[in-house]
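Participant: Curious how this folds, go ahead:
(2 chains)
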Amino acid sequence: GAGVSQTPSNKVTEKGKYVELRCDPISGHTALYWYRQSLGQGPEFLIYFQGTGAADDSGLPNDRFFAVRPEGSVSTLKIQRTERGDSAVYLCASSLSSPAGHNEQFFGPGTRLTVL
Amino acid sequence: KQEVTQIPAALSVPEGENLVLNCSFTDSAIYNLQWFRQDPGKGLTSLLLIQSSQREQTSGRLNASLDKSSGRSTLYIAASQPGDSATYLCAVSVHYIDTDKLIFGTGTRLQVFP
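Facilitator: Have a look, this model is predicted:
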């Protein structure tokens, strides 16, 4: 079946603008994660959804970042008043039911965000 | 706080060599450890997942071992090929309250030349 998909693949915006990044998880996966990967670094956890609710948003860097998953499938990461430091690759992953601690996370191709 | 370190940061070898990539983590309370491959400008491809109760996993020319008590994992690549050139990331799965999150290392950039 289809893997995790993310749109857009690339997004260029100007400082101060609002952006939305979309993630379509693997069908049937109830757990969904957002990570952010800066150049030369490993991905860093942002937020985790179990079903529709954000079970852990401790990785969001500040209140300009927000994510939703209203129907327990597609998720949207929203960034307000973008800053140049927000430039990174935003990765989405999904897995079977969690917390179980034993489920493999499957990653999408990422959205490369560039803030000019 | 869990920290993951990967050594070396970069590696350049001629094809045919057998390689060892190292990953270490500071807290042994992990659920599993995953090795990923990342090609330039691309997402992550899972290579191997080792549960905390396991010692190793094998897939083709890849073998990953886990020594949880010492906080170490190695990824062994046999008979390397130019197509193996990529960044290799290791990540440990940790459970905090209601979350299973992955903590990543910074990766090893591998180049295999003909």
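
Participant: now the residue nearest to the spatial centre of chain A, nearest residue through space, not along the chain?
Facilitator: With distances taken as Cα atoms, centre = their mean, residue A:34 lies nearest the centre of chain A, 3.1 Å away. Distances taken as Cβ to Cβ, 6 or more residues apart in numbering or on different chains place residue A:46 nearest to residue A:34, at 4.2 Å, with adjacent residues excluded. Every C-beta, even on glycine, is put in place using the N, C-alpha and C of the backbone.

Participant: That neighbour and residue A:35 touch, don't they?
Facilitator: Yes: with contact defined as Cβ atoms under 8 Å, residue A:46 counts as touching residue A:35 (6.0 Å).

Participant: remind me, longest strand of chain B?
Facilitator: For chain B, the longest strand by residue count, based on DSSP state E, is strand B:86-96.

Participant: and chain B, which of its residues are near chain A?
Facilitator: B:4, B:31-32, B:34, B:36, B:41-46, B:49, B:51, B:89, B:91, B:93, B:95-107 (Cβ under 8 Å from any Cβ of the partner chain).

Participant: Show me the shaky parts of chain A.
Facilitator: Applying pLDDT under 70 to chain A flags the ranges A:1, A:98-102.

Participant: ok, which stretches of it are strands?
Facilitator: A:5-7, A:10-13, A:19-24, A:31-37, A:44-50, A:53-56, A:65-68, A:75-79, A:88-95, A:106-107, A:111-115.

Participant: The fourth one - contacts with which helices or strands?
Facilitator: The one in question is strand A:31-37. Judged by 3 or more Cβ pairs under 8 Å, 6 or more residues apart in numbering or on different chains; DSSP states H and E, strand A:31-37 is in contact with strand A:44-50, strand A:75-79, strand A:88-95, strand B:99-104.

Participant: ok, now the fifth one?
Facilitator: Strand A:44-50 is packed against strand A:31-37, strand A:53-56, strand A:65-68, strand A:75-79, strand B:99-104, with contacts defined by 3+ Cβ pairs under 8 Å, 6+ apart.

Participant: ok, now how distant is the closest residue to residue A:17 other than its chain neighbours from chain B?
Facilitator: Spatial nearest neighbour of residue A:17, excluding adjacent residues (Cβ to Cβ, 6+ apart): residue A:82 at 5.4 Å. Distance from residue A:82 to chain B, counting by Cβ to the nearest Cβ, to the nearest Å: 21 Å.

Participant: what sits against residue A:82?
Facilitator: A:13-19, A:64, A:113, A:115 (Cβ atoms under 8 Å, 6 or more residues apart in numbering or on different chains).

Participant: Apart from its chain neighbours, what residue comes closest to residue A:67?
Facilitator: residue A:77 (4.7 Å).

Participant: for the one you found, which residues make a bridge with it?
Facilitator: residue A:21, residue A:67 (DSSP bridges).

Participant: just the buried members of the residues of chain B next to chain A?
Facilitator: B:4, B:31-32, B:34, B:36, B:43-44, B:49, B:89, B:91, B:93, B:99-105, B:107 (16 or more other Cβ atoms under 10 Å in any protein chain shown).
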